[in-house]
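Dropping a prediction and its sequence here:
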4 protein chains.
Amino acid sequence: MFVYKTQIRLHDTDAAGIIFFANQFKIIHDAYELLLEKFGFSFPEMFKGGKYFLPIVHAQSDYKAPLHAGDKITVGITVGHIGKTSFSFEYTIHNAKNVLVGTAKTVHVTINPKTSKKVPLPLKIRKALEVFSKQK
Amino acid sequence: MFVYKTQIRLHDTDAAGIIFFANQFKIIHDAYELLLEKFGFSFPEMFKGGKYFLPIVHAQSDYKAPLHAGDKITVGITVGHIGKTSFSFEYTIHNAKNVLVGTAKTVHVTINPKTSKKVPLPLKIRKALEVFSKQK
Amino acid sequence: MFVYKTQIRLHDTDAAGIIFFANQFKIIHDAYELLLEKFGFSFPEMFKGGKYFLPIVHAQSDYKAPLHAGDKITVGITVGHIGKTSFSFEYTIHNAKNVLVGTAKTVHVTINPKTSKKVPLPLKIRKALEVFSKQK
Amino acid sequence: MFVYKTQIRLHDTDAAGIIFFANQFKIIHDAYELLLEKFGFSFPEMFKGGKYFLPIVHAQSDYKAPLHAGDKITVGITVGHIGKTSFSFEYTIHNAKNVLVGTAKTVHVTINPKTSKKVPLPLKIRKALEVFSKQK
């Protein structure tokens, strides 16, 4: 499991006083970016090199308890599935009292950015995911 | 079906050149806010009056084709289910060529903002949803 | 003056109950994008064609009255200055009662995206700005 | 000087490949929130307690070099002025090579949230600002 610690910012909230639901997706993506970085991937390189992109084709979140500005949270990421041309990540969000306040999932496909067609997972990504999925 | 027409803004996109996935949730919520307004509800009143909130407890999106800055889109909303203490909306997003580029769903519960406990759907909301669900 | 009418979205606000200050910049940029479109420019083309970018090198906003979710606003844009390698826009934001609730300014330079060096305003942009600056 | 280290997220960027200008304001506000927290203030308490709000009445940013997704940055905050009913903060943003890539400023007033009228800076804030302004 990859762990990312952060806190809810004022701009994550809305006039209802709690996190705006779409911003939970932003936060889990922040964690995902750090995980990719740990894998040795970099978005700028990916965008320049242009051999493949990893667009999200499905995303979902559940909201179990309200989050307020300033709340400290811990995002955990685990691998969901590793397919031929896709993979998924699952996310948990716990608050400072270690209560599960939300979960999320993102499904990614590997595409050729020039043709927008699906391509098999690059070996480097498959390896990184397989190693990561065995870590505790 | 409620229809909302808008276009992708530069700030909806990211360095991959297309919409950042979380921003699709923002856009469908914009449509939802206009629908609530049409129903006669207003967020500021809801937040002040304080009898009930309609937090989102689940949200999901599918992404079928890339959206770029400037792309004109049409968001359609229909009712999913109407339960005792919850309801859901389903969303379609079509581009200017009338291609379905994305779908989404949000599940809302009615809670008492003071206790954070679920309460039955207020009659006014139930009525509005029932009437709306029969419209074409 | 170019006029853009919109309304404050829930995601523009924060837990203080009013617009989060940075989102006023998003909204004026939405108006700016529509103005560029009216001029015949398109961001996707600009990014692909790659002859010049128009990055913002300075931005400022004043906030004169609070804006709440659902508030109808009118953004007005006028040209500030037209220089050799730069230009600026000035923005006013009025609420539904025609009260001036905010102002803003953005300063743009024209650069060569490959070298990141300043280049003279392309003639097409200079013409569009000059014509626009004479409109009422 | 208060120092906050972070990195540019994919959602801070837009299709031009660099940070969307409005998001620089979000990032400096993240730093400001951490500074307030260090002072002993908390937004949720401020919003509940309701004795005063610190709305931003003016904000400005300069952009000196492009920032890309993944770029590590350091935000520094110093006090600008301390007035009777207002104060300001000044921000610097340096990249990983210690190059100044941006600056910003925010001007805040203290208001009574019920009347929206300006009130003198609460003593606790004045003290915190004065102590902070003498730190190096």
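On my side now, so go ahead. Numbering: from 1, shown residues only, chains lettered A, B, ... in the order given.

only C-alpha atoms for contact and neighbour calcs from this point on.
OK.

Briefly note if whichever helix in chain A runs longest comes near chain C.
Assignment by DSSP state H gives helix A:21-39 as the longest helix of chain A. No. If you take C-alpha under 8 Å from any C-alpha of the partner chain as the test, helix A:21-39 misses chain C, and the best it gets is 8.7 Å.

who in chain A is up against chain D?
So chain A meets chain D at A:9-11, A:26, A:30, A:33, A:42-44, A:68-70 (C-alpha under 8 Å from any C-alpha).

separation between the nearest residue to A:K117 once chain neighbours are set aside and chain D?
Among residues not flanking A:K117 along the chain, A:I111 sits closest, at 5.2 Å (C-alpha to C-alpha, 6 or more residues apart in numbering or on different chains). Distance, A:I111 to chain D, by C-alpha to the nearest C-alpha, to the nearest Å: 18 Å.

Give me the buried subset of the residues of chain A next to chain D.
Neighbour counting by 16 or more other C-alpha atoms under 10 Å in any protein chain shown classes A:9-11, A:26, A:30, A:33, A:43-44, A:68-70 among the residues of chain A next to chain D as buried.

The helix or strand harbouring A:A104 close to chain B?
Per DSSP states H and E, A:A104 falls inside strand A:100-109. No. Strand A:100-109 lies out of reach of chain B by C-alpha under 8 Å from any C-alpha, never closer than 9.1 Å.

Give me the residues contacting the host helix or strand of A:E45.
In this assignment (DSSP H and E), A:E45 forms part of helix A:43-49. Outside helix A:43-49, the residues that touch it by C-alpha atoms under 8 Å, 6 or more residues apart in numbering or on different chains are A:52-53, B:15-16, D:10, D:68-70.

at 7 Å instead, please
With contacts defined as C-alpha atoms under 7 Å, 6 or more residues apart in numbering or on different chains, helix A:43-49 is touched by A:53, B:16, D:69.

Check stretch A:99-109 too.
So stretch A:99-109 is in contact with A:54-65, A:85-95, A:118, going by C-alpha under 7 Å, 6+ apart.

Can you list the buried residues in stretch A:60-75?
Going by 16+ other C-alpha under 10 Å, stretch A:60-75 has these buried residues: A:60-63, A:66-70, A:72-75.

Of those, which is the nearest to C:V79?
C:V79 lies nearest to A:A69 out of these, by C-alpha to C-alpha, at 37.9 Å.

Contacts only, for that closest one.
A:8-10, A:13, D:43-44.

Quick check: next helix or strand after the worst-scoring helix or strand of chain A on mean pLDDT?
Here the helix or strand of chain A ranked lowest by mean pLDDT, DSSP states H and E is helix A:43-49, holding a mean of 77. Scanning forward in sequence from helix A:43-49 by DSSP H and E, the next helix or strand is strand A:56-63.

partners of that next one in the sheet?
Strand A:56-63 has these partner strands in its sheet, going by DSSP bridges: strand A:100-109 (antiparallel), strand B:56-63 (antiparallel).

ok, for the residue of chain A positioned farthest from its centre, nearest residue in space, not its chain neighbours?
No residue in chain A sits farther from the centre than A:A15, which is 25.9 Å out by C-alpha atoms, centre = their mean. Leaving aside its chain neighbours, A:A15 sits nearest to C:G17 (4.2 Å; criterion: C-alpha to C-alpha, 6+ apart).

tally of neighbours for that neighbour?
By other C-alpha atoms under 10 Å in any protein chain shown, 22 other residues sit near C:G17.

Residues of chain A that sit close to chain B?
Contact residues, chain A versus chain B (C-alpha under 7 Å from any C-alpha of the partner chain): A:16, A:21-22, A:25-26, A:47, A:56-64.

farthest pair in these?
Greatest spatial distance among those (C-alpha to C-alpha): A:A16 and A:F47, at 37.0 Å.

Based on its surroundings, how many neighbours for the closest residue to A:A59 other than its chain neighbours?
Of all residues beyond its chain neighbours, the one nearest A:A59 is A:T106 (4.5 Å), with distances taken as C-alpha to C-alpha, 6+ apart. The local packing of A:T106 (other C-alpha under 10 Å) involves 25 other residues.

just to revisit the earlier point, whichever of the contacts of stretch A:99-109 end up buried, select them in ChimeraX.
Typed into ChimeraX, the line below selects the buried ones among those, using 16+ other C-alpha under 10 Å:
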select /A:54,55,56,57,58,59,60,61,62,63,85,86,87,88,89,90,91,92,93,94,95,118
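
rewinding a little: elements contacting the longest helix of chain A?
For helix A:21-39, the elements it packs on are helix B:21-39, judged by 3 or more C-alpha pairs under 7 Å, 6 or more residues apart in numbering or on different chains; DSSP states H and E.

just checking, A:P113 touches A:F53?
Yes. A:P113 lies in contact with A:F53 (C-alpha atoms under 7 Å); the separation is 5.9 Å.

For the residue in chain A that chain B sits nearest to, which non-adjacent residue is closest in space?
Residue nearest to chain B within chain A (C-alpha to the nearest C-alpha): A:Q60, separated by 4.0 Å. Nearest residue to A:Q60, sequence neighbours excluded (C-alpha to C-alpha, 6+ apart): B:Q60, at 4.0 Å.

The one you found and A:A59 touch, don't they?
Yes. Here B:Q60 reaches A:A59: they are 5.5 Å apart, a contact under C-alpha under 7 Å.

tell me how far the strand holding A:A104 is from the chain's mean position?
Strand A:100-109 sits 7 Å away from the centroid of its parent chain (C-alpha atoms, centre = their mean, to the nearest Å).

again with stretch A:71-90
The chain centroid and the centroid of stretch A:71-90 are separated by 6 Å, computed with C-alpha atoms, centre = their mean.

does any part of that stretch sit near chain C?
No. On the criterion C-alpha under 7 Å from any C-alpha, stretch A:71-90 is out of touch with chain C, staying 12.9 Å away.

What separates the first and last residues of that stretch, distance-wise?
21 Å (C-alpha to C-alpha, to the nearest Å).

tell me the phi and psi of A:H81?
phi -120, psi 160 (degrees, to the nearest 10).

you'd agree it is up against A:E90?
No. Contact criterion C-alpha under 7 Å: A:H81 and A:E90 do not qualify, at 9.3 Å.

what separates A:E90 from A:S42, distance-wise?
Taking C-alpha to C-alpha, one finds A:E90 at 21 Å from A:S42.

Check A:K127 too.
A:K127 is 16 Å from A:S42, by C-alpha to C-alpha.

again, but for A:G17
A:G17 sits 35 Å away from A:S42, taking C-alpha to C-alpha as the criterion.

Among the contacts of helix A:43-49, which one sits closest to chain C?
B:A16 (11.6 Å).

Pull up the gap between the closest one and chain A, please.
For B:A16, the distance to chain A - C-alpha to the nearest C-alpha - is 6 Å.

give me every residue that touches that residue.
So B:A16 contacts A:47, D:15 (C-alpha under 7 Å, 6+ apart).

Using the three-state scheme, assign it.
Using DSSP: H, G, I helix; E, B strand; the rest coil, the structure places B:A16 in coil.

Report pLDDT for it.
Note on B:A16: pLDDT of 92.

cool, and A:T115?
Confidence score, pLDDT, at A:T115: 86.

Name the spans of chain A whose pLDDT lies under the cut-off.
Applying pLDDT under 70 to chain A picks out no residues at all.

Sweet, I'm off.
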